[in-house]
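Colleague: Sharing a model prediction with you, sequence too.
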Amino acid sequence: MKTTATLAVISLSMLTAIAVSAAEHPGKEYIEKNGYKGPETCETCHPDTARKFLDTVHWKHASKVTNVDNLDPKEEYGMKNRIYTMCNGNDIVNNLKEIPKNAEGKTKFTGCNTCHPGNHLSDVGSTGKKAEQAIDCLVCHSGSYDFRQRKPSKDEQGRIVMGQDRSTKAALSITKPTVKNCMVCHESAGGGVLVKRGFAFTADTDVHAAKGMTCVDCHKTRDHKIPTGFDPNNWANDGVHLSCVGCHTEKPHKDEAYNRHTARIACQTCHIPRTGGAVAKDFTKWEKGSDGFYEPTTLKKEANETVPVYAWYNKTVSNTPHFIGPKGSRKDKSSKIYPFKIFIGKAFYNQKDGKLMSMDFAPPMATGDTLAGVASAAKTLGIKDYKPVPGWQTIYFGSNHLITKSKALNCVNCHGVNGVLNFKALGYSDKEISKLTNPEIYFNFMIKKQQEDW
Amino acid sequence: MKKAVSVVMALTLMALGTVSFSRVAHAEEVKMIGVIQKIDLAAGGKSATATLKDNKSSKNVVISITDDLTLDKFKDHRIVEGDEIRCKFETEGGKNHSKLFRKTAGC
């Protein structure tokens, strides 16, 4: 009886908590009365939050990186300063600016840091009270942000300022970040919608989205530090990580046969059988668009349009001028087989030292002159001794979204004829492969599944 | 007589099948890149039309949009007049139904 009463109290408390959390954000009257003045309004109830936010990857676009080869452990890396071939520019060399006029006499504002949640005067990695007050809290936390306000313009001193919607209306619809809030920036990274990572988080494309989950249900945030996985090409992190196991455990299947695989096969391998987004780009040759501006030549694919490549990965990363990808092997017991999206990009290398060079996009965007972009970036970085030559770089992107349950790979997809895994490349001998691809290994199990299904 | 009825029925079925198939075949997907001239959001926000100026033909093409993701982008002005759009649509019942509607620009 006592236990029943206790359970009833706990259940009631939980229901109350759910009801409160689903209710509107407190402080409505305060905002209606005082208007919204940016972070200082938020800090009325959330003191010191702005200062702490300045120490996150979303503000700094960089962090110390400990699992990638050939990096200085004392330095911070991220889209602030990285040089690679998905985004051959970065916040430093391709800072938000008004580009030179094109042949039609038109200009526009562009730069890698357009998604930075500041006002550009307080930019990537800035600190201090001014930076704290420049944070655009509502771009992530408002359900009715007016994106007409979030446009770059020149102020009276000629400085480029990124606008923000600080209206009372936007502030009155404060919410936990929705999928939309996150995808505003994350879906159009890399030069277009679904270009970089190539996943859409919709009910059609992801089982978690179909269940009504949002990004922050998995990327659970504390003090604006957002946990991430171990994508070999996503270096900056807030020092916190997530994985499927956090919710699903190491033995998530009813069938022990599948559970036995989890020791060496990552969940993603079976549950993310497709990938998407750009597969190749050429930064040495830009295409002219109908508006008279140029863009890097890009081979684009839809979400779920391409198949991944599988490789051993121990969550450490090989990083050389021509390759960024997973390290690991069959012998290394900390490695598992993961799926990756392969991307190949062409850009200019410095023949003098073999390093990949970066590009200021402003000159090529206006005229198509890519070498002028290299020259501008080299000037910004103080590189004087260089000879640009084109070359290709292969990048393995982690494949961690587009998750499916109903279309997950089964035994036959890997062990059957023409299976998706290249056992030879994964380090198995001919004798082992013969055993791994023999129907004896899966036939009876799959027959039983077939009977259950029908 | 029975045979004649059977033949007539078979021919009718074939004709129906051909008509149905033709309808599917006629709903061909068209790809287009163009700049938005005008967006008209229906009252209630459940549908919209966007007039795009086709980059190739310079003709205006009116596209009907009903998917929530794109409608939401109209409502919060992530997509506005003047944006260049990569669009796929199918023509049926005199309307061009959007199957894909994305800004060409990225970051």
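Modeller: That came in fine, so what should we check first? Numbers count the residues shown, from 1 in each chain, chains lettered A, B, ... in the order given.
Colleague: Low-confidence stretches in the chain?
Modeller: Because you didn't say which chain, this covers chain A. Residues of chain A that meet the criterion pLDDT under 70 lie in A:1-23.
Colleague: um, chain B though
Modeller: Residue ranges of chain B with pLDDT under 70: B:1-26.
Colleague: Who does the residue sitting nearest the centre point of it form a beta bridge with?
Modeller: Central residue of chain B (CA atoms, centre = their mean): B:H97, 1.8 Å from the mean position. Beta-bridge partners for B:H97, by DSSP bridges, are B:S64, B:E90.
Colleague: surely it meets B:K88?
Modeller: No. If you go by CB atoms under 8 Å, B:H97 and B:K88 don't touch, sitting 9.8 Å apart. For glycine as for every other residue, the C-beta is placed from the backbone atoms N, C-alpha and C.
Colleague: For the residue nearest to the centre of chain B, give me its contacts.
Modeller: Under the criterion of CB atoms under 8 Å, 6 or more residues apart in numbering or on different chains, the neighbours of B:H97 are B:63-64, B:66, B:89-91.
Colleague: filter the residues you listed to the buried ones?
Modeller: B:63-64, B:89 (16 or more other CB atoms under 10 Å in any protein chain shown).
Colleague: Take the contacts of B:H97 and lay them out in CSV including distance to A:T175.
Modeller: Shown next, in CSV, are these (distance: CB to CB, whole Å):
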residue, distance to A:T175
B:I63, 30
B:S64, 30
B:T66, 25
B:F89, 33
B:E90, 35
B:T91, 38
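Colleague: Report the two members of those separated by the largest distance.
Modeller: Within these, B:T66 and B:T91 form the most distant pair, 14.8 Å apart (CB to CB).
Colleague: what about the longest strand belonging to chain A and chain B, any contact?
Modeller: The single longest strand within chain A, with elements called by DSSP state E, is strand A:336-350. No. Strand A:336-350 lies out of reach of chain B by CB under 8 Å from any CB of the partner chain, never closer than 14.9 Å.
Colleague: follow-up on the earlier one: out of the contacts of B:H97, which one sits closest to A:Q149?
Modeller: Closest approach to A:Q149 among these (CB to CB): B:I63, at 26.3 Å.
Colleague: Make sure that closest one is actually in contact with B:N96.
Modeller: Yes. Here B:I63 lies in contact with B:N96, judged by CB under 8 Å, at a distance of 5.0 Å.
Colleague: overlap in contacts of those two?
Modeller: Between them, B:I63 and B:N96 share these contacting residues under CB under 8 Å, 6+ apart: B:F89.
Colleague: ok so, going back, which of the buried ones among the contacts of B:H97 lies closest to A:K448?
Modeller: Of all these, B:F89 has the smallest distance to A:K448: 45.8 Å, by CB to CB.
Colleague: Quick one: name the residues of chain B near chain A.
Modeller: Residues of chain B lying near chain A by CB under 8 Å from any CB: B:33, B:35, B:55, B:69, B:72, B:76-78, B:80, B:84, B:102-107.
Colleague: ok, which stretches of the stretch 51-200 of chain A are helices?
Modeller: Secondary structure of the stretch 51-200 of chain A (DSSP state H, counting those that start in this stretch): helices at A:57-60, A:129-134, A:137-141, A:168-171, A:179-186.
Colleague: A:M86: which of these is closest?
Modeller: Nearest to A:M86 among the helices of the stretch 51-200 of chain A is helix A:179-186; the distance by CB to CB comes to 13.7 Å.
Colleague: After the closest one, which helix or strand is next?
Modeller: As assigned by DSSP states H and E, the chain's next helix or strand after helix A:179-186 is helix A:207-210.
Colleague: Is chain B within reach of that following helix?
Modeller: No. Helix A:207-210 stays clear of chain B (CB under 8 Å from any CB), getting no nearer than 11.3 Å.
Colleague: Any buried residues in that helix, and which?
Modeller: A:207-209.
Colleague: on that earlier part again, narrow the residues of chain B next to chain A to those in strands?
Modeller: By the criterion of DSSP E, membership of the residues of chain B next to chain A in strands covers B:33, B:35, B:84, B:102-103.
Colleague: Please name the residues that touch the closest residue to chain B within the stretch 351-454 of chain A.
Modeller: Among residues of the stretch 351-454 of chain A, the one nearest chain B by CB to the nearest CB turns out to be A:F361. It sits 10.1 Å away. A:F361 makes contact with A:89, A:94, A:99, A:110-112, A:373, according to CB under 8 Å, 6+ apart.
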